[in-house]
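**Q** could you work out the structure for the sequence below:
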Amino acid sequence: MRRRNLLKGAAAMAAVGPFVRRAAAATSLTMGISMPMTGAGFAAVGRQLSAAIKLYREQHGEAAAGRKIELIVHDDGGVADVARRLVQEMIVNDKIDIVGIGITPTALAIAPLVTQARKPTLVMSSGASITTTKSPYFVRAGFILSPQSWIMAEWAAKNGSKHVVTLVNDWAPGVEAETAFTTRFKQVGGEILEAIRIPLANPDFAPFLQRVADLKPDTAFIYFPGTQAPIFAKQFAERGLGKSGIKIIGPGDLTTDDDLNNMGDQMLGMITAGPYSAAHKSALNQAYVAAIVKANDFRPDFVSLGGYDGMHLIYEALKKTGGNADGDALIAAMKGMAWESPRGPISIDPATRDIVSNIYIRKVEKIDGQLWNTEFETFPNVKDPMKVAAK
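**A** Sure thing, here's the model as predicted:
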């Protein structure tokens, strides 16, 4: 998956001669991926995506519609400026055909580049609703936060929550999670006592948790990136909020499968709404989880599906176009595509190029000594409610 492998292949072709180079160029294409693979903030994103992409290619081969798909993978550290530079270099110097991008800030940063170059771009790990509006060449195979937050509001209102405090990180996905939850919760008769936003780089939740305790809500809606959830869980327990009677709910990031066992038993009983759980009961998912664990010694979480389902989307779209990787042709082929994923049935909304998936209500339970998000209620085929409401 690394650049040196591509260079080694290029050297081998050069030794054979120009005719072979022309023939290979006609049958291969290149996908350039920029995602965070190092750093404390979002390295887990790259770890999950890399494992899933590798697994898909092992299961389905490296070619689709007779065209071998070469990969160039770069670590952008989750930094927007770095991703912009890397993607520009891959478009100009490496002549990539398809782009893959990770988190929201980097996706937004490269939008003008891929639009100008007309490169079909797989959005693998951006949860912000606005992302796909930034380029007609963006297609999202990962997840969206707003459907999870919207469904969480509906479920909470039906199950006794009346007075809620929201506590989110102050960045695009956090604000969208807060907005979706607040909008729907008010529509169904709930009250938001206060909306609290925490700087993204601030890991000290103590003063904000104290504010939640002082407000005495019956429920707190929480959203942080997965890397901060263990810190939150620890401080939540230390301040005694676990015994205060305040219910903690949130989107799936709050109890990520990969981190759950490290968070401790204070997570038991926590309710979240998410598009995937490693405990999802299907033969396809059981095989998927077993393969990821065996190869990597960690559980797949919802982020991984952006890589796995994303590769499926590319392979199947190439089959529909007969191997034509032209941006407009490939995007058109992806619109409306539907298939069975380890998370359940999913599709690509032809109007928004967004993922449509089930949203599951999950409860953290201990099974055979390990913590799992067990699904107990399903909301099928949920589109992005913020885009639906905007129509």
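**Q** every contact and neighbour count from this point should use C-alpha atoms.
**A** Noted.
**Q** the spatially most central residue of the chain in helix, strand or coil?
**A** Nearest to the geometric centre of the chain sits Ser125, at 3.4 Å (Cα atoms, centre = their mean). The three-state label given to Ser125 by DSSP: H, G, I helix; E, B strand; the rest coil is coil.
**Q** hmm, it is touching Thr104, no?
**A** Yes - counting by Cα atoms under 8 Å, Thr104 is a contact partner of Ser125 at 7.1 Å.
**Q** below-threshold pLDDT in this protein: ranges please.
**A** 1-26, 40, 202-203, 226-227, 242, 389-391 (pLDDT under 70).
**Q** all helices for it, in order.
**A** 3-16, 18-27, 43-60, 80-92, 104-117, 145-158, 172-187, 206-215, 229-238, 260-263, 283-296, 304-321, 327-334, 385-390 (DSSP state H).
**Q** figure out which of these is closest to Lys134.
**A** When the helices of the chain are compared by Cα to Cα, helix 104-117 sits nearest Lys134, at 6.0 Å.
**Q** can you pull the buried residues of the closest one?
**A** 104-111, 113-115 (16 or more other Cα atoms under 10 Å).
**Q** contacts for that helix?
**A** 78-81, 83-84, 87-88, 91, 99, 101, 120-121, 123, 125-128, 131, 134-138, 172-173 (Cα atoms under 8 Å, 6 or more residues apart in numbering).
**Q** mind giving me the ChimeraX command for buried ones among these?
**A** This is the ChimeraX syntax for the buried subset of the contacts of helix 104-117, where burial follows 16+ other Cα under 10 Å:
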select :78,79,80,83,84,87,88,91,99,101,120,121,123,125,126,127,128,131,135,136,137,138,172,173
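**Q** can you give me the neighbour number for the spatially closest residue to Pro147 that is not a sequence neighbour?
**A** Leaving aside its sequence neighbours, Pro147 sits nearest to Asp384 (Cα to Cα, 6 or more residues apart in numbering; 5.4 Å). For Asp384, the count of nearby residues is 23 (other Cα atoms under 10 Å).
**Q** need the contact list for Asp384.
**A** Contacts of Asp384 (Cα under 8 Å, 6+ apart): 129, 144, 146-147, 354, 356.
**Q** since we're on the residue lying closest to Val293 once chain neighbours are set aside, how many residues are nearby?
**A** Distances taken as Cα to Cα, 6+ apart put Arg299 closest to Val293, at 5.5 Å, once the chain neighbours are dropped. Neighbourhood size, Arg299 [other Cα under 10 Å]: 20.
**Q** just to revisit the earlier point, possible to save the buried residues of helix 104-117 as a markdown table with distance to Tyr56?
**A** As requested, the buried residues of helix 104-117 are exported to a markdown table (distance: Cα to Cα, whole Å):
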| residue | distance to Tyr56 |
| --- | --- |
| Thr104 | 23 |
| Pro105 | 26 |
| Thr106 | 24 |
| Ala107 | 23 |
| Leu108 | 26 |
| Ala109 | 27 |
| Ile110 | 25 |
| Ala111 | 26 |
| Leu113 | 27 |
| Val114 | 25 |
| Thr115 | 27 |
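**Q** closest to Ala156 among those residues?
**A** Once Cα to Cα is applied, the member of the buried residues of helix 104-117 that ends up nearest Ala156 is Thr104, at 27.3 Å.
**Q** now that closest one: how far from Ile222?
**A** Distance of Thr104 to Ile222, given as Cα to Cα, to the nearest Å: 19 Å.
**Q** go on, Ala233?
**A** For Ala233, the distance to Ile222 equals 11 Å [Cα to Cα].
**Q** what's the answer for Tyr137, then?
**A** Taking Cα to Cα, one finds Tyr137 at 32 Å from Ile222.
**Q** measure the residue nearest to Val293 to Asp259 for me?
**A** From Arg299 to Asp259 the distance is 9 Å (Cα to Cα).
**Q** likewise for Gly78?
**A** In terms of Cα to Cα, Gly78 sits 19 Å off from Asp259.
**Q** what's the answer for Tyr288, then?
**A** Taking Cα to Cα, one finds Tyr288 at 18 Å from Asp259.
**Q** coming back round to it: and Ala233 and Ile222? which has more neighbours close in?
**A** Ile222 (24 against 20).
**Q** the more buried one against Lys247, yeah?
**A** No - using Cα under 8 Å, Ile222 makes no contact with Lys247, being 10.4 Å away.
**Q** show me the beta-bridge partners of Gly100.
**A** Here Gly100 sits in beta bridges with Ile33, Leu122, as judged by DSSP bridges.
**Q** in JSON lines, list the contacts of Asp384 along with distance to Ile314.
**A** Output for these, formatted as JSON lines (distance: Cα to Cα, whole Å):
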{"residue": "Ser129", "distance to Ile314": "22"}
{"residue": "Ile144", "distance to Ile314": "19"}
{"residue": "Ser146", "distance to Ile314": "25"}
{"residue": "Pro147", "distance to Ile314": "24"}
{"residue": "Asp354", "distance to Ile314": "14"}
{"residue": "Val356", "distance to Ile314": "17"}
